[in-house]
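**Student:** the following block contains a protein sequence and its predicted model.
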Amino acid sequence: MRYLPLTLLAVACHPVPRAPAPAVPSVAQLSPGTVRYAVTGHRHVEQRFQGQPIVTDATTFLLLSVVMTASDSGLGVDVVVDSVDMTGDAVPSAALVQAAKGARFTGVAPSADGKLAITPNASADPVLDQIALGLQELLPRLPPDGAAPGGRWTDSTTYTGRSAGLPITMTTRTAFEAGSWSQRDAERVLDVTGEGDYTLTGEGERLGQWFVMRGTGTSRSTQLLSADGVIVVGVLVDSLQVDVEVEATGTVIPVLQARVDTVRRVLP
């Protein structure tokens with residue numbers, strides 16, 4: 001008969017204790033820290049000029065470093081464009097795309113209302129204009145006390161910047177709802193969905209002509225957030241219909257844009 005050593009018998013008779021399950025957070029809340037995001041945006045645009053249809057498709061890929069710092073007025077936000085690439089139809093020149101690398105955007109998430117606002121870059125660069133506009137929707141907009149499972153809240157934001165070389169004002173109203181905590185790899189994540197609509201107005205001179213823009217759009221978003229308000233993965237689907245009027249001739253150019261942006265956290 002073969003005998004096991006006493007030490008092995010002790011191990012066999014006493015099961016190895018399991019690691020405790022990760023604690024379920026109470027809320028997801030924007031917190032000081034540093035995170036890197038990879039963002040991919042696809043845009044499909046249809047317009048009609050002088051009776052002729054014009055269809056363009058373009059893709060933008062970004063690597064962004066986001067630093068949030070605590071202050072007396074809330075959270076200071078610093079976003080740096082680590083890398084940018086654009087492919088497809090009617091994209092800006094390679095020189096403009098390259099010049100956007102290293103650009104910095106600043107913002108604030110006031111503790112009073114939890115809104116996150118990114119200030120447009122000062123230079124008149126269409127690449128930076130597009131990035132600044134996209135940041136308004138991609139970064140989390142959470143209540144000041146955080147998002148709890150089953151919670152609902154509404155966010156209204158007015159953004160003033162540029163699009164297609166023209167000054168614009170965009171006013172959004174989005175209803176958010178938090179689902180429940182789930183496990184993703186070794187981390188708890190909260191499912192937050194948003195559904196909203198917005199208006200876009202703008203006017204200005206371009207190519208010697210004065211243009212006026214008026215449009216409306218809708219957006220839907222889904223984000224999986226960590227307890228400290230980091231987007232583990234997120235998707236934004238947006239649809240915009242805008243009329244662009246050439247004031248001198250009264251010509252109206254209808255434009256339809258469909259946009260899908262995805263964002264994911266890049267781990268060190």
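**Tutor:** Done, it's in.
**Student:** got the contact list for T40?
**Tutor:** 59-62, 261-263 (Cβ atoms under 8 Å, 6 or more residues apart in numbering). For every residue, glycine as well, the C-beta is placed using N, CA and C.
**Student:** mind exporting the helix or strand that contains T171 as CSV, just the C-alpha atoms?
**Tutor:** Using DSSP states H and E, T171 sits within strand 166-184. Extracted as CSV, the C-alpha positions of strand 166-184 are listed here (Å, rounded to 0.1, in the frame of the first residue of the first chain):
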residue,chain,number,x,y,z
LEU,A,166,-17.4,78.0,-40.3
PRO,A,167,-18.2,79.1,-36.8
ILE,A,168,-21.0,76.9,-35.3
THR,A,169,-23.1,76.5,-32.2
MET,A,170,-24.3,73.1,-31.2
THR,A,171,-26.9,72.6,-28.5
THR,A,172,-27.5,69.0,-27.3
ARG,A,173,-29.9,67.4,-24.9
THR,A,174,-29.2,63.8,-23.9
ALA,A,175,-31.1,61.4,-21.6
PHE,A,176,-28.8,58.9,-19.9
GLU,A,177,-29.6,55.6,-18.1
ALA,A,178,-27.3,53.3,-16.1
GLY,A,179,-27.9,49.6,-16.3
SER,A,180,-26.1,47.2,-13.9
TRP,A,181,-22.6,46.2,-13.0
SER,A,182,-21.1,43.3,-14.9
GLN,A,183,-17.8,41.6,-15.0
ARG,A,184,-15.4,42.3,-17.9
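**Student:** what residues sit buried inside the following helix or strand past it?
**Tutor:** Per DSSP H and E, the first helix or strand lying C-terminal to strand 166-184 is strand 187-206. By neighbour count on 16 or more other Cβ atoms under 10 Å, the buried set for strand 187-206 is 188-192, 194, 196, 198, 200, 202-203.
**Student:** and stretch 142-154, by the same measure?
**Tutor:** Buried, per 16+ other Cβ under 10 Å, within stretch 142-154: 142-143, 146-147, 149, 151, 153.
**Student:** figure out how far it is from the centre of its chain.
**Tutor:** 18 Å (Cα atoms, centre = their mean, to the nearest Å).
**Student:** start and end of that stretch, how far apart?
**Tutor:** Separation of the first and last residues of stretch 142-154 by Cα to Cα, to the nearest Å is 9 Å.
**Student:** rewinding a little: for the strand holding T171, which strands pair with it and how are they oriented?
**Tutor:** Counting by DSSP bridges, the strands paired with strand 166-184 are strand 152-163 (antiparallel), strand 187-206 (antiparallel).
**Student:** all set, thanks.
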